[in-house]
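Predicted structure and sequence below. I'll ask about it afterward.
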Amino acid sequence: MSEQPFTPFATVVELVQRLEATSKRLEKRRLIANFLRALSRAEVGPAVLLLVAGIFPESDPKVLNIGFATIRKALEAAGPGSLSADPLTILDVQKRFETIAAVKGPESTRTRQELLEEFFRRASKDEQQVLLKAISGEMRIGVNEGVMIEAIADASGADPAAVRAGNMYLGDLGKVAAIALFEGNDAVQRLNAELLFPIKPMLAELAPDLDEVLAEHQGVTAVEYKLDGARIQIHRVGEQVRVFTRRLSDVTRSVPEIVEIALQLPASALILEGEVLAVDEHGRPRPFQELMRRFRRIHQVEDLRKEIPLQLVCFDLLHLNGSNLMAAPYRQRWEALERLVPPSLLVPRIVTSSRAEIEVFLGRALAAGHEGLMAKRLDSPYAVGKRGKNWFKIKPAETLDLVILAAEWGHGRRTGTLSNYWLGIRDGSGWQMIGKTFKGLTDQERADVMNRLLASKSGEEPWIVHVRPTVVVEVAYNEIQRSPRYESGFALRFARITRIREDKAASDADTYQRLKELYAKQFERKGKSVEEI
């Protein structure tokens with residue numbers, strides 16, 4: 001294994017091309033393993049993340065904020081690429097992505113475009129194509145996390161299970177790969193959660209549909225209230241307790257009643273996960289900002305404690321008396337939690353295989369002032385820092401009135417029809433694109449919309465028809481999220497058209513300002529916009 005961190009990026013391009021050319025999993029593992037063995041330690045992490053279309057690790061989820069228009073302008077200005085006298089290296093690529101992600105301020109779009117243009121100018125045509133795949137998150141070379149874990153194990157001789165567990169603890173497969181290759185299996189085996197130091201929390205996907213949740217969870221799921229408070233992680237060793245927020249900030253001094261509860265539990269060591277709520281005299285959640293007053297206060301806490309009492313609700317147990325429970329199935333962790341804490345501290349929860357039961361339980365959660373439900377697969381381990389389908393967030397859908405800016409010709413059963421609609425929101429006298437969807441319309445509605453779109457066509461390119469903004473549609477979505485894919489900077493999760501707004505003109509569509517307000521309100525309610533935590 002080399003110690004010179006100057007491997008040309010062209011070697012990554014060659015590997016990508018060879019991976020694209022084979023569908024055999026064992027061959028992909030062999031190719032990746034041989035490639036990793038030739039890298040320096042500094043290069044291993046960036047190379048691993050690039051190949052699994054990550055760029056940045058989950059433990060440090062930076063965002064490039066590069067839209068398609070910015071990419072197109074940068075490519076046009078850079079030209080078709082050339083064989084530079086100063087060829088790109090793997091570390092050059094990593095550093096440039098870091099630089100782009102760090103750009104902030106009013107001129108950020110132009111600055112990112114200039115950085116990207118310079119980047120593309122140094123790259124060959126083939127390198128440009130791989131960079132584009134990495135930026136878009138669509139590498140599509142048949143290398144998922146599982147294949148990469150096996151390849152890392154092949155390259156290093158480490159136990160695949162240890163590599164997988166290490167990735168759970170660190171949330172950075174590139175870092176785990178470097179440890180495996182340069183420190184060996186014993187070092188990987190030692191990767192673990194450390195008591196009194198925070199770990200990245202396991203995350204959930206947003207549920208597109210209750211039936212899909214049940215299907216993903218093999219027909220039965222555990223459903224809990226998704227509480228409208230602040231997620232915390234409680235560590236205890238003997239008489240020492242530390243309390244961390246989901247952003248890994250230490251708030252121990254601000255929440256003495258949580259410390260008292262932890263010290264009363266029959267355990268000598270633990271890592272416990274739960275939610276803290278500020279509650280009124282009826283036990284209903286108070287506004288999140290009042291909870292934040294408690295989290296920020298480190299002096300005269302006892303006075304504020306009387307004014308804003310806190311309630312702890314527990315939902316997971318990750319460590320108990322020297323035993324790490326994170327690899328244990330959720331079912332087993334819950335049983336251990338039930339034995340550890342009194343029933344009054346447990347989150348309301350049912351185990352069910354019925355969509356109707358979930359809907360009734362969701363109604364109860366919303367009526368109690370909470371934001372929805374969590375659905376957890378019974379046999380799922382606790383995946384540190386990971387977002388996936390083992391946990392789902394279930395929330396009522398919101399809607400926006402949007403216009404169709406363009407549509408793509410369909411595939412499969414939608415062949416011959418315009419069916420993937422580009423959704424736009426009003427921004428002054430112009431429009432901002434915030435996503436696409438092909439979901440929601442019947443075959444007849446899709447045919448009717450196609451006729452209207454073709455009548456208002458403003459331009460065409462292969463597979464896409466651009467149109468004047470005349471068709472208004474009501475679009476349901478589960479969440480507004482930041483997105484580097486669109487110049488607007490936003491996208492809708494699980495967007496689907498619920499009806500065609502025949503009663504509305506384009507001037508009646510929702511505005512970009514309202515979108516930003518909804519985004520801020522959405523995360524204000526969750527508390528994610530509060531930098532202190």
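Received the coordinates, thanks. The structure displayed is predicted, hence computed values, not measured ones.

Count the residues that sit near Arg25.
The tally of other residues near Arg25 (other Cβ atoms under 10 Å) stands at 14. C-beta: built from backbone N, CA, C; applies to glycine.

ok, now which ones touch Ala134?
Listed by Cβ atoms under 8 Å, 6 or more residues apart in numbering, the contact set of Ala134 reads Leu50, Ala53, Ile55.

Give me the residues contacting the helix or strand containing Glu212.
Applying DSSP states H and E as the criterion places Glu212 in helix 210-216. Applying Cβ under 8 Å, 6+ apart, the external contacts of helix 210-216 come out as Ala207, Val220, Thr221, Ser353, Arg355, Ile358, Glu359, Ala375, Arg377, Lys389, Phe392, Ile394.

Make CSV out of these and add secondary structure.
Converted to CSV, the contacts of helix 210-216 look like this (DSSP: H, G, I helix; E, B strand; the rest coil):
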residue, secondary structure
Ala207, coil
Val220, coil
Thr221, strand
Ser353, coil
Arg355, helix
Ile358, helix
Glu359, helix
Ala375, strand
Arg377, coil
Lys389, strand
Phe392, strand
Ile394, strand
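
Pull out the buried residues from those.
Buried members of those, scored by 16 or more other Cβ atoms under 10 Å, are Ala207, Thr221, Ile358, Ala375, Arg377, Lys389, Phe392, Ile394.

which of these lies closest to Gly229?
Here the nearest of the buried ones among the contacts of helix 210-216 to Gly229, counting by Cβ to Cβ, is Ile394; it sits at 17.1 Å.

Could you single out the nearest of the contacts of Ala134 to Leu15?
Out of the contacts of Ala134, the member with the shortest distance to Leu15 (by Cβ to Cβ) is Leu50, at 9.8 Å.

quick one: pLDDT of the closest residue to that closest one other than its chain neighbours?
Leaving aside its sequence neighbours, Leu50 sits nearest to Ala134 (Cβ to Cβ, 6 or more residues apart in numbering; 5.5 Å). The model reports Ala134 with a pLDDT of 86.

now Arg37
pLDDT, Arg37: 96.

before we move on, what about the one 3 residues further on?
At Ser40, the model reports a pLDDT of 94.

Pull the number of nearby residues for it.
Ser40: 18 neighbours (other Cβ under 10 Å).

That one against Pro46, yeah?
No. With contact defined as Cβ atoms under 8 Å, Ser40 does not count as touching Pro46 (10.7 Å).

Just give me the closest of the buried ones among the contacts of helix 210-216 to Pro309.
Ile394 (28.3 Å).

So what does the residue nearest to Ser353 when sequence neighbours are not counted have for phi and psi?
Distances taken as Cβ to Cβ, 6+ apart put Val220 closest to Ser353, at 4.4 Å, once the chain neighbours are dropped. Main-chain dihedrals, Val220, degrees, to the nearest 10: phi -140, psi 140.

how far away is Val220 from Ala327?
Val220 sits at a distance of 21 Å from Ala327 (criterion: Cβ to Cβ, to the nearest Å).

Same question for Ala155.
Applying Cβ to Cβ to Ala155 and Ala327 gives a distance of 23 Å.

Which of the two has more residues huddled nearby?
Set Ala155 next to Ala327 and count neighbours by other Cβ under 10 Å: Ala155 wins out with 23 against 14.

Now do the same contact list for that one.
Counting by Cβ under 8 Å, 6+ apart, Ala155 has contacts Ile32, Ala33, Asn34, Leu36, Arg37, Ala177, Ala180, Leu181.

Tell me the secondary structure at it.
Relying on three-state DSSP, one would call Ala155 helix.

ok, and the closest non-adjacent residue to it?
Ala155 sits nearest to Ala33 (Cβ to Cβ, 6+ apart), 3.9 Å away.

So for the host helix or strand of the one you found, what gets flagged as buried?
Assignment of secondary structure by DSSP H and E places Ala33 within helix 25-37. By 16+ other Cβ under 10 Å, the buried positions in helix 25-37 come out as Lys28, Arg29, Leu31, Ile32, Ala33, Phe35, Leu36.

Mind giving me the packing neighbours of that helix?
Helices and strands touching helix 25-37, as assessed by 3 or more Cβ pairs under 8 Å, 6 or more residues apart in numbering; DSSP states H and E, comprise helix 10-20, helix 41-51, helix 145-156, helix 173-183.

Using TSV, lay out those helices together with distance to Asn420.
Converted to TSV, those look like this (distance: least, Cβ to Cβ, whole Å):
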stretch	distance to Asn420
helix 10-20	25
helix 41-51	28
helix 145-156	28
helix 173-183	32
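
Could you pull up the residues touching the residue nearest to Ser353?
If a contact means Cβ under 8 Å, 6+ apart, then Val220 has Leu214, Val351, Thr352, Ser353, Leu378 as its contacts.

Now find how far off-centre the helix holding Ala33 is within its chain.
Computed by Cα atoms, centre = their mean, to the nearest Å, the chain-centroid distance of helix 25-37 equals 28 Å.

repeat for stretch 331-338
Using Cα atoms, centre = their mean, the offset of stretch 331-338 from its chain centre is 26 Å.

Sweet, I'm off.
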